[in-house]
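In: I would like the atomic coordinates for the input below:
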Amino acid sequence: MIVNDYNQEYDLNVRKRFYDLIIELKNRGVPVSGLGLQVHPVNHWLWPHEIWDTLEMYSDLEIPIHITELHQPSWNQEIEGGFRDGNWSQETQADFMEQIYRQCFGHPTVVSINYWGLSDRRIWIDGAGLIDEEYRPKPVFERLKELFKGEWTTQPFTAQTDANGEINFSGFYGKYELILPQDGQQHRVFELHLASKKENRVEFIL
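Out: Below you'll find the model as predicted:
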């Protein structure tokens, strides 16, 4: 069961009520498995500390955090909140989303981020999609693609075992494919998974 609602990221009173609610539910034995944040600031550019303070406060609850709804229109309206001046546009939409994704990806309690709508053609608020009405990628799409497929993806590499037959490497959590070349034989292919909060050690016997 995930408790889920909005305005937690920039309203301290709402955040405190949800914090106390989760504590009370857990004290009563309710199996709360997560807390969801609906992040629809619309024109309010969230200050970095607003998101971070929210995640830090909720980390004390020791349950996963899900960003269940996240979006920001690229319409030509004034940016509110005081962190940045100017108007919203496709470029400022991309800047804002990169800020939010970096913070959420970088916090250990966040386990999922769900963007609220794909195309501007059919979306809750005009201009909030990742692609436009003709299904062409907007700057926000390209920015997030670069984060996920570039910066936050371990790129292919070649390594050689040491004297003990071991290879050590650091990589992002997730699935990997290990290809071992063999003289005069077809390459051997193995799959492995790097998981969080555990020792990741895999042994291959050839």
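In: What ranges does the protein have for its strands?
Out: Along the chain, counting by DSSP state E, strands occupy 2-6, 34-39, 65-70, 110-115, 174-182, 185-194.
In: Nearest to R143, out of the ones you listed?
Out: Taking CB to CB, strand 110-115 is the member of the strands of the chain nearest to R143, at 12.2 Å. Placement of C-beta: from N, CA and C, glycine included.
In: closest one to P137 among the strands of the chain?
Out: Among the strands of the chain, strand 110-115 comes nearest to P137, with 13.3 Å by CB to CB.
In: I'd like the average pLDDT over that closest one.
Out: Strand 110-115 shows a mean pLDDT of 96 in the predicted model.
In: What are the structural domain limits within this structure?
Out: Following automatic domain parsing, the chain resolves into domains at 2-151, 157-206.
In: looking at it, G86 is touching D95, isn't it?
Out: No: here G86 lies out of contact with D95, judged by CB atoms under 8 Å, at a distance of 10.4 Å.
In: Name the residue in those two with the higher neighbour count.
Out: Each of G86 and D95 has its neighbours counted (other CB atoms under 10 Å); D95 has more, 15 against 10.
In: show me the contacts for the more buried one.
Out: Contact analysis of D95 by CB atoms under 8 Å, 6 or more residues apart in numbering lists R143.
In: And it, what's its pLDDT?
Out: Note on D95: pLDDT of 98.
In: State the distance from it to R102.
Out: Separation of D95 from R102 (CB to CB, to the nearest Å): 11 Å.
In: ditto for A163
Out: Distance from A163 to R102, counting by CB to CB: 40 Å.
In: of these two, who's got more company?
Out: Set side by side, A163 and R102 show more neighbours around R102, with 15 against 5, by other CB under 10 Å.
In: Might you report the residue contacts of that one?
Out: For R102, the contact set (CB under 8 Å, 6+ apart) comprises L147.
In: try F169
Out: Contacts for F169 were tallied using CB under 8 Å, 6+ apart; they are 157, 159.
In: thought L25 was touching L35?
Out: No: the criterion here is CB under 8 Å, and L25 misses it with L35 at 10.4 Å.
In: any shared contact partners between these two?
Out: Listed as contacting both L25 and L35 by CB under 8 Å, 6+ apart are V3.
In: more crowded one of those two?
Out: L35 (22 against 14).
In: distance of the residue sitting furthest away from the middle of the chain from I125?
Out: What lies farthest from the middle of the chain is G184; by CA atoms, centre = their mean that is 43.7 Å. For G184, the distance to I125 equals 61 Å [CB to CB].
In: Repeat that for Q103.
Out: Distance, Q103 to I125, using CB to CB: 22 Å.
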